[in-house]
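Engineer: quick one: sequence plus predicted model below, questions after.
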Amino acid sequence: MEESPSSLNVSALLRARAESLRRDAMLLAGQIDRVSLARLVTAALIVIAIGGAIAEPQRRAAFLLAVVLTIAGFVVLVVHHRRLDKLRLLALRRADVSEQGAFRTDRLWPRIDSQPWTWPTDDDARQRADLDVIGAESLVQLLPGISAGVGAPRIRAWFGTIAHEEVIRARQTSVRELVDATELREAFEMVARRIRISEARIAAFVEWGSSTGRAEPMWMRIASLVLPAISIASIGASIMWPPAVSIVVTSAFVTLIFAYSVQARTREAIRAAETGAQIADAYAELAGIVRAARFESPLLRKLQAMIDGTSTVPADSAFQRLQRLAAWAEVRASPMQHALLQALFAWDCQIARAVERWRASSGASLDSWFSALAEIECLAALAGVAYTNPTWVFPELECETPLRIHARNLGHPLLPEGGRVPNDVEIGPPGTVLLISGSNMSGKSTLLRAIGLNVLLARVGGPVCANAMTCPPVRLFTSLRVQDSLAEGISYFMAEALRLRDIVFAAEARDTGAAPVLYLVDEILRGTNSEERTVASRFIVARLLETPAIGAITTHDLGVFDVPEIGEHARHAHFAEQFTGGENERLIFDYRLRPGPATSHNALRLLSLIGLRRT
């Protein structure tokens, strides 16, 4: 029996799985080669049997029987070849998914494939840059592959909004359940990696499905039914009455002229079917996997019911039907066959009418189907994060009174397990501020980013990098990586001042029902002179202490806050450093957060260590 991921090295497990799947693919490739050889032999036997039937008329019956049997065998081999090749490709894709999971577990960022989508610029872009939500080594890259057209818009919406506690709890329950749903998680990730369908194409497909097509004129409907009926009937009649051949020719010619004359009306529906079939090809199998799953989570059951189709056909059946219609429409690529089918059946008219029937029966459900698939895909992606990080936990969401956020052994999610140093953190209640002091490189900024990223993960219903965490849904505001802008004519100080203004205004806004504010500020107002920085920093922090917001601020200069109106409300913590001493003196950080303010002043000693000694 396979041990649970929590008791194993997940990376080693995933790598072993990838290697096993690649070995399976190699074995299947060997079988495919043997089947290909058998096909060649069978084809040769067919030719020999046909030649024998021609060369030896007296044994023609036996040779024709051999032809039939060898053709049947050839067909079986073709079907078997396709099945084996499909299994081989599936094994290779699953191997890639497992290997990527191992890379994410180990945080091997250069080897992790980029997500097939980007994040558009909006009001939260600065916060995403502050916290490494996006980029080459980011929270987004820690997620399994998410499809550009379906899952990406939903996960972006989740990270950009604050859901109600009950919604987050429902997501947590679903994510926990999907951790062990390996097949489902892999299926979604394989589609995301293989199919690059844009959000715009999905939206256009959904819009087409919900719209009403042009009504087919009565004359066109009658002609497209009557003319093929005459052609087929006359073909049957010509068998018994040869002069009816002239009727066949005339009827086929008239049907052909009619079919091509109304192409302008049928082209739109056929093109829509072909475009929709490309999308359906990616999601028919996924919808089937979701429908076949047995879920316990109420949210997953609700989403499953949406895909199952309570008032229409199920999503996977509808998608497969559309695929068949598109396959029938592909005959247009063969002019000779297309002309024959047009002449006999007014082919394009029949396909266009079937497509419109599909739109009438299933088109209105596309929006709910893709919405459910997007939701499950995002939940599966968060479950993938939980699987590759088995020591993480799901946070408690209770909004304490007064408001607090506290975590035990909280770590930075983007650092590998052996490379991060966890710390206990408590922020709040309102009317207090966590002041974190310490020298450069000691871990202050990393801690703020760790807090912010874990808050975002908690807010969307995912696991957090901690042994325990209580984190109610909060509005997150950051000022960590401030940059000036030459193009916009904004100095560093102005850029930082604008960030701080947004934080203060958000904290002071007492909107009914709005989530409380958590602010994270790194080295407040470092872009101005010390005298003005002291006055302005005290003013801003004093205003924040009067609001219901909670937050943490890092600083090098504790004297800035050494006034009663701030000092009495500040909770101090610090990072320390050590010098090894001796001839090869080195600076060492342990990245452990300690209570109280920093007391060391090592700037001059650090300069001396790098060769800038005072004379």
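Structural biologist: Yep, that arrived. Small disclaimer: the values here were computed from a predicted structure and weren't measured.

Engineer: switch to C-alpha atoms for all contacts and neighbour counts from now on
Structural biologist: OK.

Engineer: can you pull the pLDDT of Ala259?
Structural biologist: Note on Ala259: pLDDT of 75.

Engineer: next SSE downstream of the strand or helix carrying it?
Structural biologist: Using DSSP states H and E, Ala259 maps to helix 245-261. Next along the chain after helix 245-261, taking DSSP H and E as the criterion, comes helix 263-292.

Engineer: now that following helix: mean pLDDT?
Structural biologist: 84.

Engineer: re earlier: so which elements touch the helix holding Ala259?
Structural biologist: helix 218-240, helix 335-345, helix 347-362 (3 or more C-alpha pairs under 8 Å, 6 or more residues apart in numbering; DSSP states H and E).

Engineer: between these, which gets nearest to Ala187?
Structural biologist: helix 347-362 (23.7 Å; C-alpha to C-alpha).

Engineer: which residues does the closest one contact?
Structural biologist: Identification of contacts with helix 347-362 by C-alpha atoms under 8 Å, 6 or more residues apart in numbering yields 209-210, 212-213, 224, 259, 263, 266-267, 269-270, 273, 312-313, 318, 322, 325, 328-329, 338, 341-342.

Engineer: do stretch 321-332 as well
Structural biologist: Stretch 321-332 has contacts (C-alpha under 8 Å, 6+ apart) with 270, 273-274, 276-278, 280-281, 337-338, 348, 351, 354-355, 358.

Engineer: of these, which is the nearest to Ala515?
Structural biologist: Nearest member of the contacts of stretch 321-332 to Ala515, counting by C-alpha to C-alpha, is Ala280, at 39.4 Å.

Engineer: show me the strands in the stretch 351-500 of the chain, by range?
Structural biologist: 405-410, 423-427, 433-437, 468-470, 475-479 (DSSP state E, counting those that start in this stretch).

Engineer: any idea which of those is most buried?
Structural biologist: strand 433-437 (a mean of 25; mean count of other C-alpha atoms under 10 Å).

Engineer: can you list the strands that it pairs with?
Structural biologist: Using DSSP bridges, strand 433-437 pairs in its sheet with strand 550-555 (parallel), strand 570-574 (parallel).

Engineer: need the contact list for Ala570.
Structural biologist: Here Ala570 is in contact with Thr432, Val433, Leu434, Leu435 (C-alpha under 8 Å, 6+ apart).

Engineer: low-confidence ranges, this protein, go.
Structural biologist: Within the chain, the segments meeting pLDDT under 70 span 1-8, 213-214, 234-248, 310-311, 400, 483-491, 512, 527, 579-585, 600-615.

Engineer: let me see the contact set for the residue nearest the centre of it.
Structural biologist: In the chain, the centroid-proximal residue (C-alpha atoms, centre = their mean) is Ile146; its distance is 1.6 Å. Ile146 makes contacts with Gln115, Pro116, Ala152, Phe188, Glu189, Ala192, Arg193, Glu377, Cys378, Ala381, as judged by C-alpha under 8 Å, 6+ apart.

Engineer: sec struct for it, please.
Structural biologist: coil (DSSP: H, G, I helix; E, B strand; the rest coil).

Engineer: which residues are contacting the helix holding Ala259?
Structural biologist: 224, 227-228, 230-232, 234-235, 238, 339, 342-349.

Engineer: hang on, the earlier thing: buried subset of the contacts of stretch 321-332 as a ChimeraX selection?
Structural biologist: Selecting the buried subset of these in ChimeraX, with 16 or more other C-alpha atoms under 10 Å as the burial test, is done by:
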select :270,273,274,276,277,278,280,281,338,348,351,354,355,358
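
Engineer: from the contacts of stretch 321-332, which single one is nearest Ala163?
Structural biologist: Ala280 (30.6 Å).

Engineer: find the nearest non-adjacent residue to Ala192, please.
Structural biologist: Closest residue to Ala192 apart from its sequence neighbours, by C-alpha to C-alpha, 6 or more residues apart in numbering: Ser147 at 4.1 Å.

Engineer: please apply the same query to Ala466.
Structural biologist: Using C-alpha to C-alpha, 6+ apart, the closest residue to Ala466 is Leu410 (4.2 Å).

Engineer: and the host helix or strand of Ser174, what does it pack onto?
Structural biologist: Counting by DSSP H and E, the element that carries Ser174 is helix 165-178. Packing contacts for helix 165-178, counted by 3+ C-alpha pairs under 8 Å, 6+ apart, involve helix 298-308, helix 366-388, helix 444-460.

Engineer: nearest to Pro463 among the contacts of Ile146?
Structural biologist: Set against Pro463, the nearest of those by C-alpha to C-alpha is Ala381 (11.3 Å).

Engineer: need the contact list for Arg408.
Structural biologist: Asn423, Asp424, Val425, Ala466, Asn467, Ala468, Met469.

Engineer: tell me the domain boundaries of the chain?
Structural biologist: 1-106, 192-386, 405-609 (automatic domain parsing).

Engineer: how far is the longest one from where the chain is centred?
Structural biologist: The reference is to domain 405-609. 31 Å (C-alpha atoms, centre = their mean, to the nearest Å).

Engineer: again, but for the second one
Structural biologist: On the basis of C-alpha atoms, centre = their mean, domain 192-386 sits 27 Å off its chain's mean C-alpha point.

Engineer: when you give positions from now on, start the count at 23
Structural biologist: OK, 23 is where the count begins now, so the last one is domain 214-408.

Engineer: can you give me the end-to-end distance of that domain?
Structural biologist: Across domain 214-408, the terminal residues are separated by 19 Å (C-alpha to C-alpha, to the nearest Å).

Engineer: quick one: work out the angle between the strand or helix carrying Leu99 and helix 388-410.
Structural biologist: Leu99 is part of helix 82-128, with elements assigned from DSSP H and E. Taking axes from the mean of the first three to the mean of the last three C-alpha atoms, to 10 degrees, one finds helix 82-128 and helix 388-410 inclined to each other by 60 degrees.

Engineer: same for helix 82-128, what does it pack against?
Structural biologist: Using 3+ C-alpha pairs under 8 Å, 6+ apart, helix 82-128 sits against helix 32-77, helix 204-216, helix 388-410.

Engineer: out of those, deepest packed?
Structural biologist: Comparing the helices and strands packed on helix 82-128 by mean neighbour count (mean count of other C-alpha under 10 Å), helix 388-410 comes out on top with a mean of 24.

Engineer: before we move on, back to that, which one of the strands paired with strand 455-459 lies nearest to Pro586?
Structural biologist: That would be strand 592-596 among the strands paired with strand 455-459, by C-alpha to C-alpha, at 9.8 Å.

Engineer: that closest one versus strand 445-449: what angle between them?
Structural biologist: Using the same axes, to 10 degrees, the inter-axis angle of strand 592-596 relative to strand 445-449 is 160 degrees.
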